[in-house]
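Trainee: Compute the structure for the input listed below.
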Amino acid sequence: TESGERISAARGYLTKEVRARKNLTIIGETHAEKLLFEGRRVVGLKARRNGEPLEFRARDVILSMGAIHSPTFLLRNGVGPARELQALGIEVAHDRAGVGKNLHEHPGVNLGVFMKRDKRLPLALRRQILAGLRYSSGLEGCPPGDMYINAHDKSAWHAIGKRIGLMMMWVNRSFSTGELKLKSADPKVGPDIDFNMCSDPRDMRRLMDGVRLLIKLQAHPAVQAACHEIFPVSFSDKARELAIYSRWNDIQTKIGAAIMELSPMTRKAMIKYWIADAPSFDELVNDDSACQEWIKSAVLGHWHISCTNRMGRIDDPMSVTDSHGRVIGLEGLRVCDASIFPNVPCANTNFPTLMTAEKISDAMVNLRKAGIEVALFSDVKPNPVAANVEAGIRVLRAAKNDGVIAWGGGSGLDTAKAIAFMAGQTRPMWDFEDIGDWWTRAHPAGILPAIAVPTTAGTGSETGRASVITDESTHTKKVIFHPRMM
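Mentor: Okay, here's the model as predicted:
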């Protein structure tokens, strides 16, 4: 706003008029505990509020818990890598290898700036970030604007933080990926998060170049004129301890700030003891090894965690959600937050997350308005079997769909064609094997329309009027045929 106040998504979207709607109920202080399954469909969830159990039933359940808690909630409910879940004694509801994987962040490092008294953030001004520089590294394979620097007039809530600004630099399009796992089946135990920042050499190379650019910038006379000390920030254990809001930390930092104002000697000693015990600028510029080791020790994220329920193709085993946020292989469950990004955006994640929510909500509303029910089915073996076809038919009938759109390779297309063909038949599938005129046994009116979209190069039979399905009882492949199959 004009007054410098940031508007949250809750305030921006959940206005008084929206909150007054009869079809909206907001329940606070409520802890979601368990998804409710009926087969492969999620039909609601169990929760607890002030110790009292609650149960909600819904046609669609949408998780918007963020890139840490959405995958954590899925894992606790048995949706994720089967082996990891079984090792913790969690019953597997749906084996989806990508849940919690592909974790992205924007890795970066900081220089601290002890500001001169007349250059510090005025008390009347809330916003401490007043300038930013977006630039391109030029590294092969990196998009334009893949690096970012901004300047802060304060670094923390306390008295020392109000005297120390920051020169922040981060990689705006990172390639390093981490993962999130459960440490225990106990929901009170938080997940184990490995950010694995700087594991990709492209990220480390750009951070090293960025550090050296920061050092050049800090040497500029205009910057030097605004500060007493500039130093690499390592975020010591003491600094992390002081970052916690408490009365004692308020008192400590006020005393520490007063001592830092006494003389350059006491200020430098306090900075080294409490904030930064790091290599000199000369070492960071001239010694690659020293620069790399400091970056590894000082690197941190920027509250841009994403991609832990990655959106992608349904035939990609590491994809968790499709382009509408639906969890692949399940019905009635969507995820809508930064966890479904395929890659971390080359930007802050606030606006991309809002855009994602608007796109998914528009898709849901528009499909409903059009009277279209979409069911996603992806339970297909590389050589599809009759059980795959039967499972697909159950999903199709439950959603009352009147057609099939298939995409993928031969296995997916063969299965989809067989589902569309068998949806209205009463005889066993093997009665329609491509032998003589067996195809005449089918009820033509029971054959649903099918659209096949091949995404891999093949023989071309994937878009023909037949499906190749494996008979598990004889371990032989059989061709199911009908002239109207496509």
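
Trainee: now residue 157, nearest residue through space, not along the chain?
Mentor: Counting by Cβ to Cβ, 6 or more residues apart in numbering, residue 157 lies nearest to residue 245, which is 6.7 Å off, once chain neighbours are set aside. In this view, the C-beta of every residue, glycine as well, is placed from N, C-alpha and C.

Trainee: In a helix, the one you found, correct?
Mentor: No. Looking at residue 245 with DSSP: H, G, I helix; E, B strand; the rest coil, it is coil, so not inside a helix.

Trainee: Could you measure from it over to residue 276?
Mentor: 22 Å (Cβ to Cβ, to the nearest Å).

Trainee: Ok, residue 388 next?
Mentor: Taking Cβ to Cβ, one finds residue 388 at 59 Å from residue 276.

Trainee: any weak-confidence spans in the stretch 1-150 of the chain?
Mentor: 1-4, 124, 126-128 (pLDDT under 70).

Trainee: how about a cut-off of 90?
Mentor: The stretch 1-150 of the chain contains residues with pLDDT under 90 at 1-8, 39-40, 59, 118-132.

Trainee: Helices of that one, residue ranges please.
Mentor: In the stretch 1-150 of the chain, the segments counted as helices under DSSP state H, counting those that start in this stretch are 9-13, 16-19, 66-76, 82-87.

Trainee: Tell me the predicted confidence for residue 359.
Mentor: Confidence at residue 359, expressed as pLDDT, is 94.

Trainee: Does it belong to a helix, a strand or coil?
Mentor: Going by three-state DSSP: residue 359 is helix.

Trainee: Quick one: neighbours of it, just the number.
Mentor: Using other Cβ atoms under 10 Å, residue 359 is surrounded by 14 other residues.

Trainee: ok, now residue 70?
Mentor: Taking other Cβ under 10 Å as the definition, residue 70 ends up with a neighbour count of 25.

Trainee: OK, contacts around the residue nearest the centre of the chain?
Mentor: Central residue of the chain (Cα atoms, centre = their mean): residue 339, 1.7 Å from the mean position. Residues counted as contacts of residue 339 (Cβ atoms under 8 Å, 6 or more residues apart in numbering) are 66-67, 70-71, 306-310.

Trainee: Which two of the residues you listed have the greatest separation?
Mentor: 66 and 310 (14.7 Å; Cβ to Cβ).

Trainee: quick one, which of these two is more surrounded?
Mentor: residue 310 (24 against 16).

Trainee: Residue 418 versus the more buried one, what's the distance?
Mentor: Separation of residue 310 from residue 418 (Cβ to Cβ): 29 Å.

Trainee: Next: residue 436.
Mentor: As judged by Cβ to Cβ, residue 436 and residue 418 stand 19 Å apart.

Trainee: between the two, which one's more packed in?
Mentor: Between residue 436 and residue 418, counted using other Cβ under 10 Å, the more crowded position is residue 418 (27 against 7).

Trainee: Is it correct that the more buried one is in contact with residue 429?
Mentor: Yes. Contact criterion Cβ atoms under 8 Å: residue 418 and residue 429 qualify, at 6.9 Å.

Trainee: For the closest residue to residue 195 other than its chain neighbours, give the beta-bridge partners.
Mentor: With Cβ to Cβ, 6+ apart as the criterion, residue 195 has its nearest non-adjacent residue at 4.4 Å, and that residue is residue 178. Per DSSP bridges, the residues bridged to residue 178 are residue 103.

Trainee: didn't residue 178 look like it was pressed against residue 197?
Mentor: Yes. Counting by Cβ under 8 Å, residue 197 is a contact partner of residue 178 at 7.3 Å.

Trainee: residues shared between the contacts of those two?
Mentor: residue 105.

Trainee: Can you pick out the residue with more neighbours from the two?
Mentor: In this view residue 178 and residue 197 are compared by other Cβ under 10 Å, and residue 197 has more residues nearby, 25 against 20.

Trainee: rewinding a little: shared neighbours of residue 418 and residue 429, anything?
Mentor: What both residue 418 and residue 429 touch, as defined by Cβ under 8 Å, 6+ apart, is the set 389, 469, 480.

Trainee: ok, so of these, who is nearest residue 90?
Mentor: Distances from residue 90 to the shared contacts of residue 418 and residue 429, taken as Cβ to Cβ, are shortest for residue 389 (29.8 Å).
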